[in-house]
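Asker: Have a look; sequence and predicted model below, questions after that.
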Amino acid sequence: MTMWIGYRFVASLLAGAFALMSVGLLCAADKRPNILFLFADDQRPDTIAALGNDAIRTPTLDALVERGFVFHNAYCLGSNVGAVCSPSRNMLMTGRAYFRWNGRLASPELPNLPATMKQAGYFTYHHGKRGNTATAIQALFDVNKYVEDKPDRLSGEPGKVIVDEAIEFFAQRTSEQPVFMYLAFSNPHDPRVAHERFRRQYEPAEIPLPKNYLPVHPFDNGEMTVRDEKLAPWPRTEQEIRSQLHDYYATITGLDFHMGRLLRALKEQGRLDNTIVMFSADHGLAIGSHGLMGKQSLYEHSMQAPLLFAGPGIPHGQSDALVYLLDLFPTIADLGGGPIPNGLDGHSLKPILQGKTSSVRDSLFLAYRDVQRAIRVGDWKLIRYPHINRTQLFNLAADPDEMHDLSAAAEHQSRVEQLMAKLAEAQRQYGDSAPLTSQKPRSGEFEFPHSR
């Protein structure tokens, strides 16, 4: 009996030793890529030179485009508050539509991005803006730091503090454990202040206006005097919009410069070749498009965001697939070799990156508070304004700037009906109970304030 116990004790010691050796070998051989997620605030999808904007200077993002993969139809699903960045970032962290919880913030008890990446064996690092973010979930990162939003935006060096500390983190890191780093910049959100070396790269009078520039939006979209809309007087003049675009572009160029510093540091440290780099933003911004200034609309300029991937295992290519920012949680988990939790609204985009499929959904649903709803199927997009019982219909292939509303054309009535039915179906899918028709609609007329 004593001998048997002795054998069992020795066997257990050997098993434990082999287990420790296996873990050590796994860690030593863990060459899974680092994942660096660069996330801007309020950056339109058309603010990257390599994607067709000849007026802007973004050499760092251009280089990612030239060696990486571009998603041309990436969207924020929408918002239940005027601060669109809040639900956008909570949806990003949870992979779920904002209808799945009450209020602004998702519960950290839901499956979420930092917890999932830690489970996958990654060291997790977050540094970013504090206001209107998923603070409860971000507390789960191994490193969780914030910049002071307004001082950071007024510094003239957009992103510098966050980048400086990220460079220092990697310079001191000796562990072989892969890193998931999420840098959530506070720029180019207003107030926009860029150093003169960024500003002088632009001549305001030469900055082209958006193709869909209007002095005033033609009707009341339900959110005409929210904070962002007060950033410029009505009617919006060409001079005012060019001045704001000057600030906007210079801030983006400054952020691009500092992101480039980080990528150069990773290259010098020998880490870049084993780092997947992602770039996106929480949503877009009107800044003169359709007579609007903010992101509180469902037009392309406000709900779309840039989305780039580059690095090991990422081919050079592009996709027109309809995707959400909430797809990025399962995508990042998939790229890191980790588990994807059940019950998410988001889908991994890895099969698209690998060329195994061309899409993850056949339609795209958008929502803003209870005053705007939209559905996109292929090139056709319908926007519904229930508070005034108004509908817009756009063919995005022929009219990407959404300037020609086809909803009243006789030949498109069946399409409007089909898309309205599809919109109602999408509402049920995502748990949205807002009505699409008002029994007591408002007039839809908008009389703008005559002073700021």
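Answerer: Yep, that arrived. In this text the structure is predicted, and so the values were computed from the model without any measurement. Numbering: from 1, shown residues only.
Asker: Check which helices and strands the helix or strand where residue 352 lies sits against.
Answerer: Counting by DSSP states H and E, the element that carries residue 352 is helix 350-353. Helices and strands touching helix 350-353, by 3 or more CB pairs under 8 Å, 6 or more residues apart in numbering; DSSP states H and E, are helix 328-335. Where you see a C-beta, it was placed from the backbone N, CA and C, and this is true even at glycine.
Asker: before we move on, back to that, partner strands of the following helix or strand past the helix holding residue 352, parallel or antiparallel?
Answerer: Proceeding C-terminally, helix 350-353 gives way to strand 364-368 as the next helix or strand, assigned by DSSP H and E. Strand 364-368 has its sheet partners listed here by DSSP bridges as strand 78-79 (parallel), strand 372-377 (antiparallel).
Asker: what's the helix holding residue 352 in contact with?
Answerer: For helix 350-353, the external contacting residues (CB atoms under 8 Å, 6 or more residues apart in numbering) are 69, 71, 309, 313-315, 317, 319, 321, 323, 331, 334-335, 357-360.
Asker: can you check stretch 413-426 too?
Answerer: With contacts defined as CB under 8 Å, 6+ apart, stretch 413-426 is touched by 363, 365, 373-375, 377, 380, 382, 384, 391, 393, 407, 432, 436.
Asker: Please list all residues in contact with the closest residue to residue 312 other than its chain neighbours.
Answerer: Counting by CB to CB, 6 or more residues apart in numbering, residue 33 is the residue found nearest to residue 312 once chain neighbours are left out, at 5.1 Å. Listed by CB under 8 Å, 6+ apart, the contact set of residue 33 reads 178, 274, 275, 276, 311, 312, 313, 335, 336.
Asker: can you tell me which two in the contacts of stretch 413-426 are farthest apart?
Answerer: 407 and 432 (21.2 Å; CB to CB).
Asker: and these two? which has more neighbours close in?
Answerer: residue 432 (20 against 17; other CB atoms under 10 Å).
Asker: where in the stretch 251-400 of the chain is pLDDT low?
Answerer: Along the stretch 251-400 of the chain, segments meeting pLDDT under 70 are nowhere present.
Asker: circling back to that earlier point, just the CA trace of the helix holding residue 352, in PDB.
Answerer: In PDB, the C-alpha atoms belonging to helix 350-353 read as follows (Å, rounded to 0.1, in the frame of the first residue of the first chain):
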ATOM      1  CA  LYS A 350     -11.800  36.800 -40.900                       C
ATOM      2  CA  PRO A 351     -13.500  34.700 -43.500                       C
ATOM      3  CA  ILE A 352     -13.700  37.800 -45.800                       C
ATOM      4  CA  LEU A 353     -10.100  38.600 -45.100                       C
END
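Asker: Quick check: residue 384 is in a strand.
Answerer: Yes - under DSSP: H, G, I helix; E, B strand; the rest coil, residue 384 falls within a strand.
Asker: what bridges to it?
Answerer: Going by DSSP bridges, residue 384 is paired in beta bridges with residue 373, residue 391.
Asker: Residue 69 reaches residue 309, doesn't it?
Answerer: Yes - using CB atoms under 8 Å, residue 69 makes contact with residue 309 at a distance of 4.6 Å.
Asker: Which one's more surrounded, these two?
Answerer: residue 309 (26 against 21).
Asker: Let me see the backbone angles for that one.
Answerer: The phi and psi torsions at residue 309 (degrees, to the nearest 10) take the values phi -130, psi 140.
Asker: measure the residue nearest to residue 312 to residue 257 for me?
Answerer: For residue 33, the distance to residue 257 equals 25 Å [CB to CB, to the nearest Å].
Asker: next one: residue 174
Answerer: Counting by CB to CB - residue 174 and residue 257 are separated by 29 Å.
Asker: Give the buried residues for the longest helix along the chain.
Answerer: In the chain, taking DSSP state H as the definition, the longest helix is helix 238-268. For helix 238-268, a neighbour-count test (16 or more other CB atoms under 10 Å) marks 240-242, 244-263, 265-266 as buried.
Asker: just checking, what packs against it?
Answerer: Counting by 3+ CB pairs under 8 Å, 6+ apart, helix 238-268 packs on strand 34-40, helix 59-67, helix 160-172, helix 196-199, strand 275-281.
Asker: Would you mind telling me which of the ones you listed is nearest residue 93?
Answerer: strand 34-40 (11.1 Å).
Asker: how distant is the closest one from the center of its chain?
Answerer: 11 Å (CA atoms, centre = their mean, to the nearest Å).
Asker: What's the first helix or strand after the strand or helix carrying residue 301?
Answerer: Residue 301 belongs to helix 300-303 when assigned by DSSP H and E. Going down the chain from helix 300-303, the next helix or strand is strand 304-305, by DSSP H and E.
Asker: Would you pull up how far that following strand lies from the middle of the chain?
Answerer: That offset, for strand 304-305, works out to 7 Å (CA atoms, centre = their mean).
Asker: Show me which positions of stretch 45-60 end up buried.
Answerer: Residues of stretch 45-60 classed as buried by neighbour count (16+ other CB under 10 Å): 45, 46, 47, 48, 49, 50, 51, 53, 56, 57, 58, 60.
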